[in-house]
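Asker: return atomic coordinates for the entry below.
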Amino acid sequence: MRIGIDGRALTGRYTGDRTYWLNLLRTYLQCSQETPEDCPHEFIVYSRLPVPPDALPSLPNMTLRTIPASNDRLWTLLTFPRALKQDSVDLAHTQYTTPLHASCPIITTVHDISFRLYPEWFPRKHRLLMNLTVPGSMRRAAMVITDSESSRRDILRIYRLSPERVVGIPLAAGPEFAPIPQEIARRKVKERFHLDRPYVLSVSVLQPRKNLPLLMEAFARARKQTDLPHRLVLTGKRGWGVEGLSRHAARLRLNDAIVYTDYVEDADLPALYSATDAMAWTSLYEGFGLPPLEAMACGAPTLVSEAPAMPEVAGDGAWVLPIMDAVAWGSALARLLTDAALRELWSERGIRRASAFSWERTAARTLTVYDHVARRQGEGLPRKAH
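Answerer: Numbers count the residues shown, from 1 in each chain. Next up, the predicted model:
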């Protein structure tokens, strides 16, 4: 098949959408080289802006095509579907939004529907746009892929789609996420971020659903219980609704103990994960949750909330804690940060659990969805349920 990819996320900074495309496409290309009978397809990656030349390897079965438009909305409605038709694409894969009309079946990946379940976590404009475009996109799509069975259940419950049209395919940590010896990792972190003390790490866009005020409170409680030298390192770009974080930290007398790194490059994350004494993920809701899995793959002792999808991802590889219980989080942090043997235990468990996920499995299952849609189209069956 000739498969079209809406690759606009590849032209931006590190985000979950960008990570998804990079790992999926790189795995497709690796598969096409090593076992071409398993991936005999041609891929055309479309974008509104040029994809960085070092993002993807140059191979005969992949073309990067820039098709300019004045804005993303026009690109989705007109420019992208016109290019699909011009290139005789057999099937296209997008994230979240699909064209109103297309000359081929469209598969869309919707990582989660938090915008619908928890609208208070989003700016009004973003919330309205997602609620306006994503439900219709899922109904038009031949198939909807999401990241977990938890997210699949949410989509089926809220939008009443036919169960056979929604599939949960888990993600994975990329191959670059592997343990780095702590001495080397700490040296890299010190050189890059001037962190010369042990630390607790959180990696996420700083936004309300990440529940960072609770993490701050738990960290403050752990400091009161023990004489901890640790810093709390918050890594990620500042999103919407986090203006009060500094004030909250001040009330807890933590301002001198918190380090904001802002956005960091992909290449810096394995060292940050490998050098930390604990990765803490207090999120209120996730469709999957890649950072905890990346941390586990690097051997970081990891604590996660019992929010939807997180127990499914973490399994027995991370310490699962109640979402809003700062006392439980504080006690867990205090125990973990003062007990080297306990940290080693959770490190080993995390590495073992993370190894159960791979982009090869994710790509293989995604290709199976492509084949299913193409076969159904070839049989003359409807692309979508009505």
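Asker: can you give me the domain assignment for this structure?
Answerer: Listed domain ranges for the chain are 2-172+359-378, 182-354 (source: automatic domain parsing).
Asker: so where do the strands sit in the chain?
Answerer: 2-6, 42-47, 62-66, 91-95, 106-109, 143-146, 166-168, 199-203, 231-235, 258-262, 278-281, 302-305, 319-321 (DSSP state E).
Asker: just say which of these is most tucked in.
Answerer: With neighbours taken as mean count of other C-beta atoms under 10 Å, those reach their highest mean count in strand 302-305, at a mean of 28. To be clear about C-beta, it is placed using only N, CA and C from the backbone, and glycine gets the same treatment.
Asker: roughly how far out does it sit from the chain middle?
Answerer: Once both centres are worked out by C-alpha atoms, centre = their mean, to the nearest Å, strand 302-305 turns out to sit 16 Å from its chain's centre.
Asker: then it to CSV, C-alphas only?
Answerer: Provided in CSV are the C-alpha atoms of strand 302-305 (Å, rounded to 0.1, in the frame of the first residue of the first chain):
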residue,chain,number,x,y,z
THR,A,302,9.1,5.2,39.8
LEU,A,303,5.9,6.3,41.6
VAL,A,304,2.7,6.8,39.7
SER,A,305,-0.9,7.7,40.6
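Asker: what are the contacting residues of it?
Answerer: 211, 278-284, 289, 292, 295-296, 310-311, 313-314, 317-323, 329, 332-333, 336, 346, 350 (C-beta atoms under 8 Å, 6 or more residues apart in numbering).
Asker: put the buried members of those residues into a PyMOL selection.
Answerer: Buried subset of these, written as a PyMOL selection, criterion 16 or more other C-beta atoms under 10 Å:
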select buried, resi 211+278+279+280+281+282+283+284+289+292+295+296+310+313+314+317+318+319+320+321+323+329+332+333+336+346+350
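Asker: follow-up on the earlier one: rebuild the strands of the chain as JSON lines, extending it with mean pLDDT.
Answerer: Supplementary listing: these in JSON lines, determined by pLDDT from 0 to 100:
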{"stretch": "strand 2-6", "mean pLDDT": "97"}
{"stretch": "strand 42-47", "mean pLDDT": "96"}
{"stretch": "strand 62-66", "mean pLDDT": "94"}
{"stretch": "strand 91-95", "mean pLDDT": "98"}
{"stretch": "strand 106-109", "mean pLDDT": "98"}
{"stretch": "strand 143-146", "mean pLDDT": "98"}
{"stretch": "strand 166-168", "mean pLDDT": "98"}
{"stretch": "strand 199-203", "mean pLDDT": "97"}
{"stretch": "strand 231-235", "mean pLDDT": "96"}
{"stretch": "strand 258-262", "mean pLDDT": "93"}
{"stretch": "strand 278-281", "mean pLDDT": "98"}
{"stretch": "strand 302-305", "mean pLDDT": "98"}
{"stretch": "strand 319-321", "mean pLDDT": "98"}
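Asker: as JSON lines, those with distance to residue 31 would be great.
Answerer: Shown next, in JSON lines, are the strands of the chain (distance: least, C-beta to C-beta, whole Å):
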{"stretch": "strand 2-6", "distance to residue 31": "13"}
{"stretch": "strand 42-47", "distance to residue 31": "11"}
{"stretch": "strand 62-66", "distance to residue 31": "12"}
{"stretch": "strand 91-95", "distance to residue 31": "15"}
{"stretch": "strand 106-109", "distance to residue 31": "18"}
{"stretch": "strand 143-146", "distance to residue 31": "18"}
{"stretch": "strand 166-168", "distance to residue 31": "19"}
{"stretch": "strand 199-203", "distance to residue 31": "29"}
{"stretch": "strand 231-235", "distance to residue 31": "32"}
{"stretch": "strand 258-262", "distance to residue 31": "35"}
{"stretch": "strand 278-281", "distance to residue 31": "30"}
{"stretch": "strand 302-305", "distance to residue 31": "29"}
{"stretch": "strand 319-321", "distance to residue 31": "34"}
